[in-house]
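In: Sharing a sequence plus its predicted fold:
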Amino acid sequence: MIDKIFRILADIDDLKASNPEEFEALRIKYLSKKGIVNSLMSEFRTVSPEQKKEVGLQLNKLKNSLQERINELKKNIENSQEQSTEFDLSRTSYPIALGTRHPLSLVKEEICDIFKRLGFSIAEGPEIEDDWHVFSSLNFAEDHPARDMQDTFFIQSSPEIVLRTHTSSVQTRVMEKNQPPIRIICPGRVYRNEAISARAHCLFHQVEGLYIDKDISFADLKQALLFFTKELFGKDTRIRLRPSYFPFTEPSAEMDISCHICGGKGCNICKHTGWVEILGCGMVDPAVLENCGIDSSIYSGYAFGMGIERITMLKYQINDIRLFFENDVNFLHQFQSAF
Ligand code: DAH
């Protein structure tokens, strides 16, 4: 009998039950009225008096160990059942599709990344601005049309508080607080009181650039813009600078790039001219430097500004600016990114 007890003892740790049915079968087999332990107890009566002490001891040990193991298995099964109720059965099955980045964010990152490689750092400013930072410091005449309610969203009239119409306001903010060298790129949202159409929106995004130091010339501006264009649109892209006017730059220019759709031969995108305009630029007007506390007899610099929507539309051949603001996933899912 003692051998039988030892055999069962040795196997106790291997007893397993992975569900309530298996567990119940084990319990019945070992601990029920007709189970192994009870039948050993009956058999114990037949054990000779000299063996009774040893066999009794082992039998008790067997009973306790079995009871412990059975309790342990019961707990395991209860725990695993509790866990399984935590599963969310309404969840979509794998693989869960990843979201995509908004095309405007992708292009903004790409533009900033190119200028960061040229040593520019990022600067930001408020979207709700005062007249000084948006207009006056930048040489806008008192009767400039941009100051009109038809072009600008006014929030308050006295003192005048507006939604900034361009990111050039960040130039002033940075120059007021820092002395040259200044080399910044300012991405941000801008607002204009425009009727919404396929080409125009009352809200859009710009990137502004500013470089102020000693001996900065128009040639530096041209070289930086050429590098930028080739990085963004491909190394065969050419640029062309046309004289223009902005209140805060002198001389001023608008920059065209050779049409990357037709390669300059002429198509709908470039209106058969072979060129598309992408930005405004120029040498910062000395009066603007002085307005911001920078000595224009020592320092000079260039600035440029571009619309992110326009660049994104050209790059991806998107023909309606409203698509950027509608959050249609069929549109957004077309833009996968490595960022
Ligand atoms: N602020 C101009 C606009 O919104 C863009 C611009 C043109 C910015 C020339 C500049 C610049 O810094 O030099 O249309």
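Out: Received, thanks. Numbers count the residues shown, from 1 in each chain.

In: Show me which residues of the protein are close to the ligand?
Out: By the criterion of CB under 6 Å from any ligand atom, the positions of the chain lying close to the ligand are His166, Ser168, Glu208, Phe246, Thr249, Gly280, Cys281, Gly282, Ala303, Phe304, Gly305. Every residue, glycine included, has its C-beta placed from N, CA and C.

In: Selecting buried members of those residues in ChimeraX, what would you type?
Out: The command below creates a ChimeraX selection of those among those that count as buried (16 or more other CB atoms under 10 Å):
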select :166,168,208,246,249,280,281,282,303,304,305
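
In: Give me the contacts around the host helix or strand of Asp3.
Out: Counting by DSSP states H and E, the secondary-structure element that holds Asp3 is helix 2-11. Contacts of helix 2-11 with the rest of the structure, by CB atoms under 8 Å, 6 or more residues apart in numbering, involve Ile36, Leu40, Gln51, Glu54, Val55, Gln58, Leu59, Lys61, Leu62, Ser65, Leu66.

In: Is there a neighbour count for the fourth one? I'd like the number.
Out: Which is Glu54. Glu54: 12 surrounding residues under other CB atoms under 10 Å.

In: residues contacting it?
Out: Counting by CB under 8 Å, 6+ apart, Glu54 makes contact with Ile2.

In: Surely it is in a helix?
Out: Yes: if the criterion is DSSP: H, G, I helix; E, B strand; the rest coil, then Glu54 is within a helix.

In: Mind pulling the model confidence for it?
Out: Here, the pLDDT recorded for Glu54 equals 87.

In: just the helices in the stretch 101-250 of the chain please.
Out: With DSSP state H, counting those that start in this stretch as the definition, the stretch 101-250 of the chain shows helices at residue ranges 103-117, 131-134, 168-177, 218-233.

In: and those helices, which is most packed in?
Out: For the helices of the stretch 101-250 of the chain, the stretch with the most neighbours on average is helix 168-177, a mean of 22; neighbours defined as mean count of other CB atoms under 10 Å.

In: Which secondary structure elements does that one sit against?
Out: With contacts defined as 3 or more CB pairs under 8 Å, 6 or more residues apart in numbering; DSSP states H and E, the secondary structure elements packing on helix 168-177 are helix 131-134, strand 182-191, strand 203-213, helix 286-291, strand 300-307.

In: how far off strand 182-191 does that helix point, in degrees?
Out: 140 degrees (axes from the mean of the first three to the mean of the last three CA atoms, to 10 degrees).

In: pLDDT added to the residues of the chain next to the ligand, as TSV?
Out: Putting those into TSV (pLDDT from 0 to 100) gives the following:
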residue	pLDDT
His166	97
Ser168	97
Glu208	98
Phe246	96
Thr249	97
Gly280	98
Cys281	98
Gly282	98
Ala303	98
Phe304	98
Gly305	98
